[in-house]
Every structure is written in C-alpha cells, then in structure tokens.
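> Please work out how this folds:
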Amino acid sequence: MALSPMDVTQFATVDTARAARMLSEVRSARLSGGRAPIAPRPVIEQSWDRMLRSGVDPEHDVRSGLLAPEEIRRRRAASPLRHVLPVLREALLSVADVAHHIMVVADGDGRLLWREGSARVLRRADGLGFELGADWREEVVGTNGVGTPAVTRRPVQVFASEHFVRSQATWTCAGAPITDPRSGRLLGVVDVSGPLETMHPATLGWVDSVAKLAEARLRELHTQSLERLRTVAAPVLARLEGRALVTDRDGWTAAVTGMPYLERVVLPKSPEAGVRWLPSLGACTVEPLAEGWLVRAAAGPGPAPQGTTRIVLDLGQPRRWSVRVLGGAEDWARELSPRHAELLYLLAVHRGGRSAAGLAEDMFGDPARTVTVRAEMSRVRRYLGAYLEHRPYRFCEDAEIELLLPPDPRDLLPHSSAPAVVEGRASRGAP
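Residues are numbered from 1 along each chain as shown. Take a look at the predicted model:
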C-alpha cells in the first residue's frame, strides 16, 4: 500500500502497529541512505536533517542532567506560563488521563517544568527520561513534541519512529508552542504524550487550540495589569506639563499626556532612573512608578544620536532572534517575533529598500497583501523607527547593518515559508 507522507497519521489510527513498522523502515532507510517506502513528512524530514547535521546519535539517547528541585521551583516562579496552568489543566488533563496521555509544559529552554496525567504513563515516561527538569531541546534528544515545535514555532505531532532517537519510537506526542502575545517571544511548549497505542490525529489540533487559549489568557492578564497601572498613572500625568507617559516594566504604555499614544516604548534592557535616550522619543527622564516607569520627554522630539550606529540583526540562534542597536546614546536590544525577524532580514539583504508590495511578494508570494505588511511594519517602527525609513521601507543610510546568520543555511529562520527566505536559504547553498 503506497502512502504519501500526509496519510501516515490517519493510517496509524486504523493500524497503529503497521504504521509504526512502516515508519521504522522509513527512518532506517533515511539514516542509511537507502530508498524509503514513503517519504517522511516535511516537518519530520527537516528535523531529521537538523539532527544529522548537529551530530545527534540516532541509536543512543543522551540525557542531560536534571535540574535540581530548587531550580525547577525558581523557573516555575519566573515563568509567565504559571499564569495559564489552570487553562491548560482544565482543557487537557481530564481527557488526557482517560486517553492514557500525560500533559507536559516546558519553558523556552526546553526544560520540563510541569508534568501531570496518568500515573501509569508517567512511570513509562520516566523510562524515556521524560522527567521533571529534563532537557528536551531538539538538539539534545532529537525530533520530539517539545523541542521540534520550539524550533519550527508551529504545532508538531511526532509518532513512533518519526522520533529521531530509537529509544523514543514507542512513544507518540503532540506539542504546540506558547508565545508571548505582546512580543512573539517563545515562552515554552505544551505537549500531550503517551504510549504508541494512544495516538490520534485529532490530538494535534486539540493541543494547538489549547495553546491559543493560553495565549489569549496571557493577553487578558496583560490588559488587566495595564488597567491597574493606568489608575495610578492618571492622577500623576494630570499634574504634569509637556510630553509624558507611563509604561509597564516591559515598555507597554498605560497612559500618555501631551503626545500621541504610543503602544510601546523601547526601554533599556535594565532601565534605571535618570536621563535616557529612547527611540522615537529622544532624551527622556525615566522614574519608577508603581509597577512601571514614568517617562518624561524633552520639549522637542529629539534627534537620533549622532555618529555611526550599528544595528546587529542576530538570526544565528535556532529559536531566538534579536536586534541590537549599538553606538547610540544608549545601547539596547529586543527579541524578535518570527514575523519581525523575517521582515528585518529582508530589509537587511535589500539595503536599497522594498516597497510594501515588494515585501508582500517576498513574504507571501502575493504583492496584493500590502495591508498585512504595512500593519507589521508599523509595529516594527514603534521600536526601530529612529533607524528606519519608508517609501520604500529601508534602514537609514548612515546605520551600519550587521547580519548574523546560522552556519548552515538550512537553519535560517527554519519556521519560515516566505518565498524570499526560502530563496535566501537556497542562495547560501541549502539543498
């Protein structure tokens, strides 16, 4: 029976054992360079390629040391995911326990911080090293439902021998990333896992939906925190003259006076009280206020700092991308969402600039999707506006741009299917 890659998960619900045997043959053929009975699913094949390039041993699992209980507690207390555990438990645990699954929540570093569900399945998970405090990054333990979604930034189901490391072939898992809805930063991954016979193709959509519920809850909590800060900010701003605003500790605006509303202000990485130069505002006096900052701007908008500014766009890390501005009045950095990483990459390689239609073609293969591009570029300009121009969109001519790329071209923004990014991988030698 000839199967396409897309048929495997459906076939597994009808004949789990046969599907597992077939995937074992696929894996063996792929690792030996032979001809496979079917092609691996693209997301799995791309992950296997990353594993082969990074030297993960497919025949032996290598387990890093578990985090100490004190470190697990510290990470739990610091993780925003602690606020959405009730959402995850309510939506996943009752069904997972009946279906002989467990729910696992990992942080952005791939460390398992929470693990709940069927006691019998938890014991089986222990034998795989799927324990609290374990490191399940893809580059450590191979293709899996925690590490692979963190790399691809999309939901992934991994069944049987789709796992790169042989010892995990008795397992099935489906994981979805949870990102910070304010910034796009990866917070972690929620995963539902269990023995091979518990596999069901609907699990992935279920887990993805719950991850989106968690992100919606985080967005709601942020709105509530800004409302609380706004009640403190309003009487303070009412007594001030000139341009001023109050932000939370991450720079999100609660209230403004004497100036147009800004959704977010880029603050120094470790802000302190005093005079600071802030993008889009210029020279400002920054003071702590409640759970945020009072920012009072100078009388004029303030020019960008004089002299050469170096902008470092770092896309070299597998899961985290950032932009750093160096050489201005004050250095600062910002982690990038997947979409903003794509846009700034395109502007970095097209120093002459790109129109909205050109960026839409680069991103979506459709020059008509300019509304989406303009909306995203408007968000980018809120923190990088002092160094960007438009008509066309481009970096300022006097800014020095440094683009840091991964050593292997196939690791360039691996989540991205944007035509221009795909072309960029190919131009650097990716097959």
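
> show me where the stretch 251-400 of the chain has strands.
253-257, 274-278, 282-289, 292-297, 309-314, 321-326, 332-336, 388-389, 394-395, 399-404 (DSSP state E, counting those that start in this stretch).

> Can you name the residues that contact A233?
Residues in contact with A233, defined by CB atoms under 8 Å, 6 or more residues apart in numbering, are V246, A254, A255, L289, A290, G292, L294. C-betas here are computed from N, CA, C, even on glycine.

> tell me which residues of the helix or strand containing A216 are tucked away?
Counting by DSSP states H and E, the element that carries A216 is helix 202-238. Buried residues in helix 202-238, counted by 16 or more other CB atoms under 10 Å: 203-204, 206-208, 210-211, 213-215, 217-218, 222, 225-226, 229, 232-233, 236-237.

> Check stretch 188-201 too.
Buried residues in stretch 188-201 (16+ other CB under 10 Å): G188, V189, V190, D191, V192, S193, G194, P195, L196, T198, M199, H200.

> how much space between the last one and G258?
Which is H200. 57 Å (CB to CB, to the nearest Å).

> Show me the two of the buried residues of stretch 188-201 that sit farthest apart.
Across the buried residues of stretch 188-201, no pair lies farther apart than G188 and L196, at 25.2 Å, counting by CB to CB.

> how many neighbours does G242 have?
Around G242 sit 11 other residues, with neighbours defined as other CB atoms under 10 Å.

> In three-state terms, label it for me.
coil (DSSP: H, G, I helix; E, B strand; the rest coil).

> who touches the residue minimising distance to the centre of the chain in this structure?
Compute the mean C-alpha point of the chain, and by CA atoms, centre = their mean the closest residue is L186, 3.4 Å away. By CB under 8 Å, 6+ apart, the contact list for L186 reads G108, A150, R153, P177, I178, T179, D180, R319, R320.

> could you flag which of those residues are buried?
G108, A150, R153, P177, I178, T179, D180, R319.

> Do you know the pLDDT at the nearest residue to the first one once chain neighbours are set aside?
Looking back up the chat, that one is G108. Nearest non-adjacent residue to G108, counting by CB to CB, 6 or more residues apart in numbering: L186, 4.7 Å away. Looking at L186, its pLDDT stands at 92.

> May I have the phi/psi pair for L186?
phi -70, psi 120 (degrees, to the nearest 10).

> distance of it from C396?
For L186, the distance to C396 - CB to CB - is 30 Å.

> likewise P338?
24 Å.

> between those two, who's got more neighbours?
For P338 versus C396, the count of surrounding residues by other CB under 10 Å is larger for P338: 18 against 13.

> give me every residue that touches that one.
R153, G184, W321, L413, H415, S416.

> out of the contacts of L186, who's nearest P271?
D180 (18.7 Å).

> Okay, the closest one and R115: tell me how far apart.
From D180 to R115 the distance is 22 Å (CB to CB).

> wouldn't Q157 be in contact with A202 here?
No. Judged on CB atoms under 8 Å, Q157 makes no contact with A202 at a distance of 10.0 Å.

> H100 versus E241, what's the distance?
E241 is 66 Å from H100, by CB to CB.

> and these two? which has more neighbours close in?
Per other CB under 10 Å, whichever of E241 and H100 has more neighbours is H100, with 15 against 8.

> now that one, what's its secondary structure?
Quick answer, by three-state DSSP: H100 is coil.

> Tell me who's in contact with it.
Neighbour list for H100: S118, R120, V121, G194, P195, T198 [criterion: CB under 8 Å, 6+ apart].

> and if you look at R50?
R50 touches E138, E139, V151, R410, D411, P414, counting by CB under 8 Å, 6+ apart.

> How about A68?
Contacts for A68 (CB under 8 Å, 6+ apart) come out as G133.
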